[in-house]
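Visitor: predicted structure and sequence below. I'll ask about it afterward.
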Amino acid sequence: MFNKIIGKRSSRKHSKSESNESPGPTTNPANASGGRAVASAGNSTNSRNSGSGAGHSGSKTTINNGPRNSLSLAAPHHQAAARTLPGKEKYPGSTAITTANGGFSAMENLPAFREVAASERLNLFSKKLSLCCHVFDFLDPAKNVREKEIKRQTLLELVDFIQAGSIKLNESLQEELAKMFSENLFRCLPPSAHENTGSEVFDLEEEEPCMEPAWPHLQIVYELLLRFIVSTETDPKIAKRYIDHSFVLRLLELFDSEDHREREYLKTILHRIYGKFMVHRPFIRKAINNIFYRFVMETERHSGIGELLEILGSIINGFALPMKEEHKLFLVRALIPLHKPKCVTLYHQQLSYCITQFVEKDYKLSDTVIRGLLKYWPVTNCQKEVLFLGELEEVLESTQAAEFQRCMVPLFRQIGRCLNSSHFQSHFLEPKSL
């Protein structure tokens, strides 16, 4: 009966990692709210295949127009998948735009990369970056239609150029590239529906998400950022000066975007940054902790909790043993309190995966986890109670006798209350592990 109602994941194997900081292989579950899954490269629809087409040679980048449904970590970082971008056409030749008083005062035709000598391509790359720093207003679809298309085609050329990897970008160009990313990506997110009305009562599951109108440009900018990070030509020792803590922090702020397509790109990019820039790893974990703290203690509203937990699920899988005290504190202070918010159903599957990863890594943590679940056990929410019972069963499967004896008295008291509950599912879902 338990399997028919909420489903049971198969037992997961984990292996000891060489590094306490290394991101492990992704076996994260699907997002409870959006059905997004973390899959292996063999099953992922977005797995990145190595691309060798050079932008200057006329090869085309393909990027899927739909949401990125999986985060594949099994492929090497230098590999990049072919994804299809909408309206990918033969490059007509870019145009540099100079603005004055908010309008377009002059235009300078720029050739495609394949039309100039190899010695001139870095200079041309810089000019195209300057063009792409201009941000257009997409709230009015009829405004600057031609200029928007020019920028879109230029961004596609830049993606091809980075993917080709035939010419290594110098430090100056990496700085300009980071500036272009900042100009396009870092912005104020629109207020949600309940913030517009001033209402304090809202339902995250029923609220309509706000789709980003500038996605035709943002998608390609995110793709360019991803290709830059995973490129073998990108030296982390140099790039970390521009993909710095401030840059990472502003990326994390964008996880609150209501557009699931943007969150999928951010999830992939942040994990690649975590894997490539080892110096940023403690900072990224701490910044994610702070997002969780604010979510639990203050707002109880954030669109990207599920995606952040998917990233953490892979990171936790890579923790080496014996586990650092820092990671155990993260479990107690950040992960377990995430059971408290009313909207836990939106991200519970990812949260449960992270929790069970800790217990499978170190069975001595099972007593801490079980007591934490009992602390936040729902009183009147039957739907949450069913989720808690399913998570409790998975934890008990990895619990040893000594740890079970420490928490069995309060545990059986709670099981007794569930048996006396009027909710029929609570009767059938008592953990079989008992």
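Guide: Thanks, I have it.
Visitor: for the helix or strand where Asn123 lies, buried residues please.
Guide: Following DSSP states H and E, one finds Asn123 within helix 121-132. Using 16 or more other CB atoms under 10 Å as the burial criterion, the residues of helix 121-132 that qualify are Arg121, Leu124, Phe125, Lys128, Leu129, Leu131, Cys132. Backbone N, C-alpha and C define where each C-beta goes, glycine included.
Visitor: check stretch 382-393 too.
Guide: Lys384, Glu385, Val386, Leu387, Phe388, Leu389, Gly390, Glu391, Leu392, Glu393.
Visitor: stretch 316-329 too?
Guide: Residues of stretch 316-329 classed as buried by neighbour count (16+ other CB under 10 Å): Ile316, Asn317, Gly318, Phe319, Ala320, Met323, His327.
Visitor: ok, those residues vs Leu346, which is closest?
Guide: Of all the buried residues of stretch 316-329, the one sitting nearest Leu346 is Ile316; the distance, using CB to CB, is 20.0 Å.
Visitor: how about the closest one, phi and psi?
Guide: Main-chain dihedrals, Ile316, degrees, to the nearest 10: phi -60, psi -40.
Visitor: let me see the contact set for Leu309.
Guide: By CB atoms under 8 Å, 6 or more residues apart in numbering, the residues touching Leu309 are Asn28, Leu338, Tyr347, Gln350, Leu351, Tyr353, Cys354.
Visitor: for Ala118, give me the pLDDT.
Guide: Confidence per residue is given as pLDDT, and for Ala118 that number is 88.
Visitor: correction: the previous question concerned Ser199.
Guide: At Ser199, the pLDDT value in this model is 48.
Visitor: next one: Ala81
Guide: We note a pLDDT of 43 for Ala81 in this prediction.
Visitor: and Ala39, by the same measure?
Guide: Among the per-residue scores, Ala39 holds a pLDDT of 37.
Visitor: buried ones in the strand or helix carrying Arg152, by neighbour count?
Guide: Counting by DSSP H and E, the element that carries Arg152 is helix 145-164. Of the residues in helix 145-164, those buried under the neighbour-count criterion (16+ other CB under 10 Å) are 147-148, 150-164.
Visitor: elements contacting it?
Guide: On a contact count with 3 or more CB pairs under 8 Å, 6 or more residues apart in numbering; DSSP states H and E, helix 145-164 meets strand 95-100, helix 121-132, helix 215-230.
Visitor: only alpha carbons, please: show it as CSV.
Guide: Written as CSV, here are the backbone C-alpha positions of helix 145-164 (Å, rounded to 0.1, in the frame of the first residue of the first chain):
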residue,chain,number,x,y,z
VAL,A,145,12.5,44.4,-32.9
ARG,A,146,15.4,44.6,-35.4
GLU,A,147,18.0,45.5,-32.7
LYS,A,148,16.8,42.7,-30.4
GLU,A,149,17.3,40.2,-33.3
ILE,A,150,20.8,41.6,-34.0
LYS,A,151,21.8,41.1,-30.4
ARG,A,152,20.3,37.6,-30.3
GLN,A,153,22.3,36.6,-33.4
THR,A,154,25.4,38.2,-31.9
LEU,A,155,25.0,36.2,-28.7
LEU,A,156,24.7,33.0,-30.8
GLU,A,157,28.0,33.8,-32.5
LEU,A,158,29.6,34.3,-29.1
VAL,A,159,28.3,30.9,-27.9
ASP,A,160,29.8,29.2,-31.0
PHE,A,161,33.1,31.1,-30.5
ILE,A,162,33.4,29.9,-26.9
GLN,A,163,32.4,26.4,-27.7
ALA,A,164,35.0,26.1,-30.5
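Visitor: and the contacts of the next helix or strand along the chain from that helix?
Guide: Helices and strands here follow DSSP H and E; after helix 145-164, the next one along the chain is helix 171-185. Residues lying outside helix 171-185 but in contact with it, judged by CB under 8 Å, 6+ apart, are 122, 125-126, 129-130, 132-133, 135, 169, 217-218, 221-222, 224-225, 228, 234, 238-239, 241-243, 247, 250-251, 254.
Visitor: mind giving me the PyMOL select for the residues you listed, buried ones only?
Guide: Isolation of the buried members of the contacts of helix 171-185 (16+ other CB under 10 Å) is achieved in PyMOL through the command below:
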select buried, resi 125+129+132+169+217+218+221+222+224+225+228+234+239+242+243+247+251+254
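Visitor: dump the helices and strands packed on helix 145-164 to JSON lines, plus distance to Ile273 and mean pLDDT.
Guide: Compiled in JSON lines, those are given as follows (distance: least, CB to CB, whole Å; pLDDT from 0 to 100):
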{"stretch": "strand 95-100", "distance to Ile273": "30", "mean pLDDT": "52"}
{"stretch": "helix 121-132", "distance to Ile273": "20", "mean pLDDT": "94"}
{"stretch": "helix 215-230", "distance to Ile273": "6", "mean pLDDT": "97"}
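Visitor: in JSON lines, list the ones you listed along with distance to Met408.
Guide: Putting those into JSON lines (distance: least, CB to CB, whole Å) gives the following:
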{"stretch": "strand 95-100", "distance to Met408": "70"}
{"stretch": "helix 121-132", "distance to Met408": "61"}
{"stretch": "helix 215-230", "distance to Met408": "48"}
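Visitor: go through these and name the closest to Leu312.
Guide: Among the helices and strands packed on helix 145-164, helix 215-230 comes nearest to Leu312, with 19.0 Å by CB to CB.
Visitor: which strands and helices lie in contact with the closest one?
Guide: Applying 3+ CB pairs under 8 Å, 6+ apart, we find helix 215-230 packed against helix 145-164, helix 171-185, helix 260-276.
Visitor: now the shortest one: mean pLDDT?
Guide: The reference is to helix 171-185. The average of the pLDDT scores along helix 171-185 is 96.
Visitor: again, but for stretch 314-322
Guide: In this model, stretch 314-322 has a mean pLDDT of 93.
Visitor: stretch 415-430 now?
Guide: Confidence for stretch 415-430, expressed as mean pLDDT, is 71.
Visitor: same question for stretch 236-246.
Guide: Confidence over stretch 236-246 (mean pLDDT, whole number) is 96.
Visitor: do stretch 257-276 as well
Guide: When pLDDT is averaged along stretch 257-276, the result is 97.
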